[in-house]
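> Sequence first, predicted model second:
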Amino acid sequence: MSLDVKLPDSLLPFVEEAMEELGLADRDQCIAELLRRLAARRGRVLTLRVAAQGDFRLRRLTDQDYRAYQRRSIGIGPSLPLDLFSPITFRIAEVYAVLKDRFGPSAEYYDDYKCSFDFPFALSLPGPTDEPAYLLRIGDYRGGLELQLEKIVAPDDPRLRESIYYPPQPDFPRERLHEFLDSLTGFLAGSFEELKPRWREEFVLAVASQSLLTGFDGKRFFKRHFEDEGEYAAALVKLSHLRTRAPSAPEFP
């Protein structure tokens, strides 16, 4: 499908500059690429409306952006099991599929002996500013799904000198945090119900510390735990063609 779009004269210099930066000679091709990048950026943002609080915004971060924020963040914890905030029990593979479908590939940097994926986000609280106030990581650890929250603080905050967990902070007290997490797990559950009949991508996630394999075999989501390490290793070899491990950090525009 093609669209005949007339650009305002005020935008032409911007498009010409973008054509030069992108190495594209065709204006329509350049506009299409800019729109694709805009769509990709919007796909990285999730807005969750929590009753009596307002809109929370989650923005997917690259590994590099996450590490830059993490250098000036303090841990709020300890980490929380995802199932604590949901009436249903999530499977690792199901949550991975929802997050990959919505936000792209997993991050690259995580402990691949104890974990199989990790999705880092910047979290903006309801209010007049859209600046991120927290970091939120959704991932797995030793066969369970966990949420890890970190508060972004000033670069000279003395708490950065101590590697300890802090309790929920005044801008995001425990009650508000739990309401937000209730909404987040509701989003994950609803998204999986929508995704389940259309998901076709085969994959396997491996948690070596637990001798656990989980994934999608083309027909159903599965989870297999092995008591014998040899059986685990043999099954991993057999399923190696489905192995999911990001070879590099996600590429965002």
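Looks like it arrived, so ask away. Residues are numbered from 1 along each chain as shown.
> Looks to me like Ile76 is in a strand.
Yes - secondary structure assignment places Ile76 in a strand (DSSP: H, G, I helix; E, B strand; the rest coil).
> Please determine how far it is located from Gly139.
Applying CB to CB, to the nearest Å, the value for Ile76 to Gly139 is 16 Å. From N, CA and C alone the C-beta is placed, and that goes for glycine too.
> where are the low-confidence patches of the stretch 151-253 of the chain?
In the predicted model, the stretch 151-253 of the chain carries pLDDT under 70 at residues 243-253.
> What segments of it are strands?
165-166, 203-207, 212-216, 221-225 (DSSP state E, counting those that start in this stretch).
> Next, work out how far apart the residue lying closest to Leu125 once chain neighbours are set aside and Leu149 are.
Excluding its sequence neighbours, the residue lying closest to Leu125 (CB to CB, 6 or more residues apart in numbering) is Ala133, at 5.0 Å. Using CB to CB, Ala133 is found at 10 Å from Leu149.
> quick one: common contacting residues for the two?
Leu123 (CB atoms under 8 Å, 6 or more residues apart in numbering).
> Comparing these two, which shows the higher neighbour count?
Leu149 (24 against 17; other CB atoms under 10 Å).
> Return the list of strands paired to the helix or strand that contains that one, each annotated with direction.
Under the criterion of DSSP states H and E, Leu149 resides in strand 144-152. Strand 144-152 sits in its sheet next to strand 73-81 (antiparallel), strand 134-141 (antiparallel), going by DSSP bridges.
> Pick the most deeply packed of those.
Looking across those with neighbours counted as mean count of other CB atoms under 10 Å, the highest average goes to strand 134-141: a mean of 22.
> quick one: that strand to strand 203-207, angle?
Computed by axes from the mean of the first three to the mean of the last three CA atoms, to 10 degrees, the angle separating strand 134-141 from strand 203-207 equals 90 degrees.
> What are the contacting residues of the helix ranked longest in the chain?
Counting residues, the longest helix found in the chain (DSSP state H) is helix 174-195. Outside of helix 174-195, the residues within contact range by CB under 8 Å, 6+ apart are 46, 48-53, 56, 80, 82, 85-86, 88, 90, 94-95, 97-98, 101-102, 147, 149, 167-168.
> what angle separates it from strand 134-141?
60 degrees.
> for helix 174-195, which positions count as buried?
Neighbour-count burial for helix 174-195, with 16 or more other CB atoms under 10 Å as criterion, is recorded at 176-177, 179-181, 183-185, 188-189, 191-192.
> can you redo those residues as CSV with distance to Leu11?
Below are these laid out as CSV (distance: CB to CB, whole Å):
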residue, distance to Leu11
Arg176, 42
Leu177, 43
Glu179, 42
Phe180, 38
Leu181, 42
Ser183, 38
Leu184, 38
Thr185, 42
Leu188, 39
Ala189, 42
Ser191, 35
Phe192, 40
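> and Glu146, how far is that from Arg72?
22 Å.
> more neighbours, the two?
Glu146 (19 against 15).
> so the more buried one makes contact with Pro81?
Yes - Glu146 lies in contact with Pro81 (CB atoms under 8 Å); the separation is 6.1 Å.
> what's around the closest residue to Asp228 other than its chain neighbours, how many residues?
In space, and not counting its chain neighbours, Asp228 is closest to Ser211: 7.8 Å by CB to CB, 6+ apart. Neighbour count of Ser211, defined by other CB under 10 Å: 20.
> Read off the pLDDT value for Glu17.
Note on Glu17: pLDDT of 85.
> Is it located within a helix, as I assumed?
Yes - under three-state DSSP, Glu17 sits within a helix.
> Could you check how far the nearest residue to Ala51 once chain neighbours are set aside is from Gly186?
In space, Ala51 comes closest to Glu179 once its chain neighbours are excluded; the distance is 7.8 Å by CB to CB, 6+ apart. Distance check for Glu179 against Gly186: by CB to CB, it reads 11 Å.
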